[in-house]
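1. any chance you could fold what I've pasted below:
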Amino acid sequence: MGVVITVAPTGPVATKADNPHLPTSPEEIAEAVADAYRAGASVAHIHLRDEHQRPTADLDTARRTMDLIRARCPVLIQLSTGVGLGVPFEERERLVELRPRMATLNPCSMSFGDGEFRNPPDKVRRLAARMRELGVKPELEIYDTGHLDACLTLWKEGLLAEPLQFSLVLGVRGGMAATADNLLTMVRRLPPGAIWQVIAIGRHNLPLTAMGLALGGNARAGLEDTLHLRKDELAPGNRPLVDRAVELARGLDLPLAGVEETERLLGLPDRKA
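-> Residues are numbered from 1 along each chain as shown. As a prediction, the model looks like this:
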């Protein structure tokens, strides 16, 4: 069974002032994704920005970005419905109407740095139901221990289809600290048959990604999760971070999953993107 590598090229927080190599326009994002695909990524986790680099859920921007990516490579597109802290939930949830192969589903509200990430329970249920209706696979983002319980409740209510796909996010201020103990705790609590990856923020990205791979998880890489390739050295783009994740997997003698294998592993609905 191959390892799924996901590229997260942009994110909702950083700008080019933080790292000039951060892709923010649809064209830049598409080029970064295509380069990551050539390096071994089979999934692209996409945040959208407007012309001022602000997070946006604009459907035209999303559609253009998806079209540009598809014109360059067959990577599986996963749209973020988290978008950005200032974007209303009602705007964020409309992104699934574009029917990407996958989209994020954030189960709980939480403090997020100096802001608030709002995901009201009734609206999360509504979004989960709509995603299942449209055949959009949820990527369940777990920022704290109780978020897993919320996802398992949605599963028991029939709103989520197996295999459940989790991202264990460590290192966001307001969520779980980026420690080996926290990662082990969450992995032990996952239901049988779950697919999962580690998202470790900042300087914790490399060691916890390696640990996650050793424990049987998948990996995510890109400027959303860390702006640096190593201490005091900005990453010169997404490709070196993806290359690093690929090298970790190969160093553990783990084969990479291509797009078709990733579709099977994640249980994606059988339809064209």
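2. mind checking what secondary structure residue 166 has?
-> Classification of residue 166 by DSSP: H, G, I helix; E, B strand; the rest coil places it in strand.
3. next, count neighbours for it.
-> 25 (other Cβ atoms under 10 Å). Every C-beta, even on glycine, is put in place using the N, C-alpha and C of the backbone.
4. list the contacts of it.
-> 139-142, 148, 151, 190, 194-197 (Cβ atoms under 8 Å, 6 or more residues apart in numbering).
5. narrow the residues you listed to those in helices?
-> Judged by DSSP state H, helices contain the following of the contacts of residue 166: 148, 151.
6. sec struct for residue 85, please.
-> Three-state assignment for residue 85 (three-state DSSP): coil.
7. how about the strands in the stretch 1-150 of the chain?
-> Taking DSSP state E, counting those that start in this stretch to define them, one finds strands in the stretch 1-150 of the chain at 5-7, 43-46, 76-79, 102-105, 110-112, 115-117, 137-142.
8. can you tell me which of the ones you listed is nearest to residue 172?
-> The closest of these to residue 172 is strand 110-112. By Cβ to Cβ, the value is 6.2 Å.
9. just checking: what are the partner strands of the closest one?
-> If you go by DSSP bridges, strand 110-112 pairs up with strand 115-117 (antiparallel).
10. rewinding a little: among the contacts of residue 166, which one lies nearest to residue 164?
-> residue 194 (4.8 Å).
11. tell me if I'm right that the closest one and residue 160 touch.
-> No. Look at residue 194 against residue 160 with Cβ atoms under 8 Å: they stay out of range, at 10.8 Å.
12. coming back round to it: and the strands of the stretch 1-150 of the chain: which comes nearest residue 255?
-> strand 5-7 (11.1 Å).
13. list the helices and strands the closest one packs on?
-> Applying 3 or more Cβ pairs under 8 Å, 6 or more residues apart in numbering; DSSP states H and E, we find strand 5-7 packed against helix 26-39, strand 43-46, strand 218-221, helix 239-251.
14. the same query, at a cut-off of 7 Å, please.
-> strand 43-46, strand 218-221, helix 239-251 (3 or more Cβ pairs under 7 Å, 6 or more residues apart in numbering; DSSP states H and E).
15. out of the ones you listed, which is closest to residue 18?
-> For residue 18, the closest of the helices and strands packed on strand 5-7 is helix 239-251, at 14.6 Å, according to Cβ to Cβ.
16. list the buried residues in the helix or strand following that closest one.
-> As assigned by DSSP states H and E, the chain's next helix or strand after helix 239-251 is helix 259-266. For helix 259-266, burial by neighbour count (16 or more other Cβ atoms under 10 Å) applies to 259, 261-263, 265-266.
17. format the helices and strands packed on strand 5-7 as JSON lines; extra columns: distance to residue 37.
-> Shown next, in JSON lines, are the helices and strands packed on strand 5-7 (distance: least, Cβ to Cβ, whole Å):
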{"stretch": "strand 43-46", "distance to residue 37": "8"}
{"stretch": "strand 218-221", "distance to residue 37": "12"}
{"stretch": "helix 239-251", "distance to residue 37": "9"}
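18. want to throw these into TSV with mean neighbour count and distance to residue 231?
-> Listed next are these as TSV, based on neighbours: other Cβ atoms under 10 Å; distance: least, Cβ to Cβ, whole Å:
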stretch	mean neighbour count	distance to residue 231
strand 43-46	28	25
strand 218-221	28	17
helix 239-251	19	14
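19. go through those and name the closest to residue 24.
-> That would be strand 43-46 among those, by Cβ to Cβ, at 11.7 Å.
20. mind listing the strands the closest one pairs with, and their directions?
-> Strand 43-46 has these strand partners (DSSP bridges): strand 5-7 (parallel), strand 76-79 (parallel).
21. work out which residue lies at the spatial centre of the protein.
-> Centrality entry for the chain: nearest residue to the mean C-alpha point is residue 45, 4.7 Å, by Cα atoms, centre = their mean.
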